[in-house]
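**Student:** I'll drop the sequence and a predicted model, then ask my questions.
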Amino acid sequence: MQIASEDLPRQFASGLKPLYVVYGDALLLAVEAADSIRAAARAAGYSERETFIAEQHFKWGELRNSAQSLSLFAERKIIDLRIPSGKPGTEGGQALQDYVADLNPDVLTLISLPRLDWSAQKSQWFTALQRHGVMISADDIPRNALPRWIAARLKRQEQSADEATLEFLADRCEGNLLAAFQEIQKLALLFPAGALSFEQVRDAVMDVARYDIFKLSEAMLNGDAARFARILDGLRAEGTATVLVLWAVSEDIRTLGKVLQAVQRGANPGNALRDLRVRKDRQGLIESAARRLKLPYIERAIQQAARLDKTIKGLRQGDVWDEFLQLGSRFAK
């Protein structure tokens with residue numbers, strides 16, 4: 001069973017399951033999900049808890065032994081297994097498969113994992129977890145879903161904001177969910193329940209956004225010039241190496257060009273993306289850009305990226321960051 005972290009209360013209402021797996025790179029959501037599972041288990045009478053951290057040289061036999069032995073004072077038990085690397089190895093993978101195939105009904109097992117790549121999610125041990133447990137995805141909130149997430153968090157503290165204010169908050173907190181959570185809590189301390197004005201939020205919330213080169217490329221492909229400029233300014237302020245910025249945007253520009261060439265030859269964009277082995281989480285983004293843009297635009301963008309490369313290497317004069325801005329503007333809707 002696959003659910004999002006916010007769906008846990010509804011799942012608890014139908015009865016606790018013996019196995020929960022929390023995985024993803026959003027620390028706030030992962031911690032909240034794990035805390036809520038432990039709290040629900042304690043309320044249901046799971047009074048004992050044992051924690052294991054599966055790092056190098058971890059003895060996997062301890063997991064099975066713990067599940068088979070309850071203390072004299074506890075009828076039910078929580079086993080909290082954390083795999084920080086997300087790679088249990090050959091021995092650990094087999095141990096996990098054996099463990100979940102024979103779950104103790106008096107033991108609730110909570111397994112915490114980081115974000116897993118495609119190959120890990122196709123592994124036999126992860127497939128076994130999916131077959132026997134409740135899988136809770138704790139991935140970071142994408143920018144287009146962030147205003148809705150903020151609105152839901154405000155609602156929990158009986159506050160609300162209009163769409164423009166939610167967008168402003170999302171811009172200030174993008175890429176830093178934990179800081180966003182703290183800023184939202186601050187609004188509850190500063191202002192009473194009810195609707196928040198834009199001025200109240202603007203004056204209270206700090207700019208805690210964190211930017212990365214892949215979000216810059218995402219904004220470019222979406223044709224969102226304002227977001228592209230904002231992220232570019234953030235990367236510049238953080239001292240991000242220009243060669244890394246160019247690499248990120250150039251990779252997507254070249255991929256987009258290859259997709260458009262394939263479309264010209266009569267191929268389907270989706271099939272072209274799969275043939276190019278583009279990551280699944282970026283396929284929709286590039287396909288959308290391919291439907292919006294024409295090949296001549298991309299060819300000129302590739303030429304501009306080549307000139308930018310020379311500017312970075314000192315082979316021609318120019319303002320590198322200004323040229324990045326011009327390059328991103330080519331994709332504006």
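**Tutor:** Cool, got the structure.
**Student:** only C-alpha atoms for contact and neighbour calcs from this point on.
**Tutor:** Will do.
**Student:** Need the residues that contact stretch 222-236.
**Tutor:** 210-213, 215-217, 219-220, 285, 288-289, 321, 325, 328-329, 331-333 (Cα atoms under 8 Å, 6 or more residues apart in numbering).
**Student:** can you do 7 Å?
**Tutor:** Contact partners of stretch 222-236, identified using Cα atoms under 7 Å, 6 or more residues apart in numbering, comprise 211-212, 216, 219-220, 289, 325, 328-329, 331-333.
**Student:** ok, and the most crowded of those?
**Tutor:** Each of the contacts of stretch 222-236 was scored by neighbour count (other Cα atoms under 10 Å); the top score is that of residue 220, with 27 neighbours.
**Student:** can you pull the contacts of it?
**Tutor:** Applying Cα under 7 Å, 6+ apart to residue 220 gives the contacts 228, 328, 331.
**Student:** tell me which element it falls in.
**Tutor:** Assigned by DSSP states H and E, residue 220 falls within helix 213-222.
**Student:** That helix - what's its average pLDDT?
**Tutor:** Per-residue confidence for helix 213-222 averages out to 90 on the pLDDT scale.
**Student:** biggest helix in this structure by residues?
**Tutor:** Scanning the chain for the helix with the most residues, using DSSP state H, yields helix 242-264.
**Student:** thinking again about what came up before, including distance to residue 153, pLDDT and secondary structure, could the contacts of residue 220 go into CSV?
**Tutor:** Formatted as CSV, the entries for these read as follows, by distance: Cα to Cα, whole Å; pLDDT from 0 to 100; DSSP: H, G, I helix; E, B strand; the rest coil:
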residue, distance to residue 153, pLDDT, secondary structure
228, 26, 92, helix
328, 33, 91, helix
331, 33, 88, coil
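**Student:** Torsion angles phi and psi at residue 136?
**Tutor:** phi -110, psi 110 (degrees, to the nearest 10).
**Student:** hang on, it packs against residue 2?
**Tutor:** Yes - Residue 136 lies in contact with residue 2 (Cα atoms under 7 Å); the separation is 6.1 Å.
**Student:** Which one's more surrounded, the two?
**Tutor:** When residue 136 and residue 2 are compared for neighbours, residue 136 comes out ahead with 24 against 13, by other Cα under 10 Å.
**Student:** check contacts around the closest residue to that one other than its chain neighbours.
**Tutor:** Using Cα to Cα, 6 or more residues apart in numbering and skipping residues adjacent in sequence, the residue nearest residue 136 is residue 22, 4.8 Å away. By Cα under 7 Å, 6+ apart, residue 22 lies in contact with 30, 111-113, 135-138.
**Student:** Next step: those restricted to helices.
**Tutor:** Secondary structure defined by DSSP H assigns residue 30 of those to helices.
**Student:** quick revisit: could you look up the SS state of the residue nearest to residue 136?
**Tutor:** At residue 22, secondary structure determined by DSSP: H, G, I helix; E, B strand; the rest coil is strand.
**Student:** Please report phi then psi for residue 294.
**Tutor:** In this entry, residue 294 is assigned phi and psi values of phi -110, psi 160 (degrees, to the nearest 10).
**Student:** do you know how far it is from residue 220?
**Tutor:** 15 Å (Cα to Cα, to the nearest Å).
**Student:** Number of residues surrounding the spatially closest residue to residue 212 that is not a sequence neighbour?
**Tutor:** Computed as Cα to Cα, 6+ apart, the closest residue to residue 212 that is not its neighbour in sequence is residue 235, at 7.0 Å. Neighbours of residue 235 under the rule other Cα under 10 Å: 20.
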